[in-house]
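Enquirer: take this sequence and fold it.
(2 chains)
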Amino acid sequence: MKTILAQLRKFDLRLVLAAFFAMAILHVATTFAAPSIALATAWDRLAPALKSNTMVVFPPVGPDTQPLPYLAPDSRVAMCLFDTRNGKVAITASLPAPGWTLTLYDRTGAAIYVAAGRPDQPTAISLLLVPDDDRFMGLTPEAQGRRSPRQSPLQVQARKGLAVLRAPDAGYAYRAINEAELSRATCRSVADTR
Amino acid sequence: MIRTLFDGTRFGGGLQTLPQRLFARAAPGARSWTAKLRGTSFWRHQVKKRIAIFLRLLTDWALFILVVLTGGFGSAYYMMDVGTRLSTVTEGPWTLWTTAARPDADPYTRAHYARLGTLPLSSEIAETWLARTDSNGSALHSSCDYELTLRPPESSWWSIAVFDRDGRLIQNAAERYAFTSDTAAISPDGRFVGLLSRSAGGGNWLPTSGAGNLSVVYTVIDMSLATGTGDEARDLSARVPAITAKGCR
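Expert: Reported below is the predicted structural model:
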């Protein structure tokens, strides 16, 4: 025991503390930088294959058509790369049953909006993505003293990201229905939705 | 060194102490005192001492940097790849990242999924469990057969899918990669019993071919997670499938 203590006393305590402090800084910096410097994030893999503000229905997932790791063929997916830099983007989709989900991800993969189908009734989703800066996007019909011609969509602040609509695989008999439902989902740039 | 200083060194045919040598008036055209020192045992001693100090300093710094880099990067890698209780829940071989794809996700979870390159379902509505070992802690491998048993959650959509170590689907002639609550065959006692094997099997068989190390993903979409009225209270071990090795080749 004495020998161990004697050995330990040889270490400069300030140097040990400095090492721990440097390790902590490196640990924190690495963790926070990892999403930005990761070599193949989901965004990096998908962005080149997608057109801005257009919903694309992906083919059934298989070993040769797997766009992302750990993306199972238990679902068909439709994706849209939304970009609100040039104006608002409208997204509409229907979630007819449990297992259906619509998720908006930012570029780092964090979800900024999520909705899931319910067992009792189909869920109709109508989103209006607005830029997340302080840009003036015009007065709403209500602010102008008029009645809006249609039900107001839910507004979500976002700049660039991915909208992913997932349809669960309910078996062969439902595949065509699911594909048709996915095809009905829209993602488009809108000049003015009032 | 002290002996050298006071006893002097042989120089110019006689024995001179160092101060004598250093402060002796140099004859015109004679060498400078540093030049005079060069080659003496004192000089050699000093040079050796300087080199030793430099090497020790270099070793200390190299060791310091090595410890800092290993500790800093290693701990960050562990937290991002394996996770700890801060960011994950584990049950047997299964790991769940508790704040996956949430706006308030912790940095480790964000880094984990960025590194994986996936778009996980938000943990607000779904649980995505990942296993790379069987219930005994041995790595899942395609040379072994495994039985998956689960009492599926009622009124929730769920799926079980098998991938290779890197999350790629495993090529197989049967084109079977996953079972869901809609496509799985449930036993009369209400359990799901699946088989992971490279050889054809009956029931819920998922082929593993020659994929090497395997990973299994169990996903449950449960709206009650969002409302906080769901499975949280249920025993964790009952919420995830048991993975039992049935034999290896």
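
Enquirer: which strand or helix spans B:Ala184?
Expert: Here B:Ala184, judged by DSSP states H and E, is contained in no helix and no strand.

Enquirer: B:Leu121 now?
Expert: Judged by DSSP H and E, B:Leu121 forms part of no helix or strand.

Enquirer: distance of the closest residue to it other than its chain neighbours relative to B:Ala105?
Expert: Take B:Leu121 and drop its neighbours on the chain: the residue closest to it by Cβ to Cβ, 6 or more residues apart in numbering or on different chains is B:Thr128, 5.9 Å away. (Each C-beta comes from the backbone N, C-alpha and C, glycine too.) Going from B:Thr128 to B:Ala105 by Cβ to Cβ, to the nearest Å gives 13 Å.

Enquirer: ok, the residue nearest to B:Leu121 - how many residues close by?
Expert: By the measure other Cβ atoms under 10 Å in any protein chain shown, the count of residues near B:Thr128 is 21.

Enquirer: just checking, it touches B:Ala100?
Expert: Yes - contact criterion Cβ atoms under 8 Å: B:Thr128 and B:Ala100 qualify, at 6.2 Å.

Enquirer: packing partners for the longest helix belonging to chain B?
Expert: Longest helix in chain B, counting residues (DSSP state H): helix B:41-81. The contact analysis (3 or more Cβ pairs under 8 Å, 6 or more residues apart in numbering or on different chains; DSSP states H and E) places helix B:41-81 against helix A:13-37, helix B:2-7, helix B:107-116.

Enquirer: residue contacts, A:Ala72?
Expert: Neighbour list for A:Ala72: A:61, B:159, B:161, B:163, B:169, B:177-178, B:217, B:219 [criterion: Cβ atoms under 8 Å, 6 or more residues apart in numbering or on different chains].

Enquirer: and those, which of them are buried?
Expert: A:61, B:159, B:161, B:163, B:169, B:177-178, B:217, B:219 (16 or more other Cβ atoms under 10 Å in any protein chain shown).

Enquirer: which parts of chain B are helices?
Expert: B:2-7, B:18-23, B:33-37, B:41-81, B:107-116, B:224-227, B:236-239.

Enquirer: try chain A
Expert: A:2-9, A:13-37, A:42-46, A:175-184.

Enquirer: which residue is nearest the middle of chain B?
Expert: B:Tyr78 (4.0 Å; Cα atoms, centre = their mean).

Enquirer: grab the nearest non-local neighbour of it.
Expert: That would be B:Thr84: by Cβ to Cβ, 6+ apart, it lies 7.9 Å from B:Tyr78.

Enquirer: for that neighbour, grab phi and psi.
Expert: In terms of degrees, to the nearest 10, the main-chain angles of B:Thr84 are phi -130, psi -170.

Enquirer: what about it, how many neighbours?
Expert: Close neighbours of B:Thr84, defined as other Cβ under 10 Å, add up to 10.

Enquirer: and for A:Gly62?
Expert: 12.

Enquirer: ok, now the one 4 residues further on?
Expert: Using other Cβ under 10 Å, the number of residues around A:Gln66 comes to 18.

Enquirer: distance between the ends of stretch B:220-236?
Expert: 13 Å (Cα to Cα, to the nearest Å).

Enquirer: scratch that, stretch A:55-71 is what I was asking about
Expert: 18 Å.

Enquirer: give me the pLDDT for A:Ala24.
Expert: Per-residue confidence for A:Ala24 comes out at a pLDDT of 96.

Enquirer: lowest average pLDDT across the helices and strands packed on helix B:41-81?
Expert: When I compare the helices and strands packed on helix B:41-81, helix B:2-7 is least confident, with a mean of 48.

Enquirer: contact partners for the nearest residue to A:Leu15 once chain neighbours are set aside?
Expert: Spatially, and ignoring its direct neighbours in sequence, A:Leu15 is nearest to B:Phe64 (6.9 Å; Cβ to Cβ, 6+ apart). By Cβ under 8 Å, 6+ apart, the contact list for B:Phe64 reads A:15, A:18-19.
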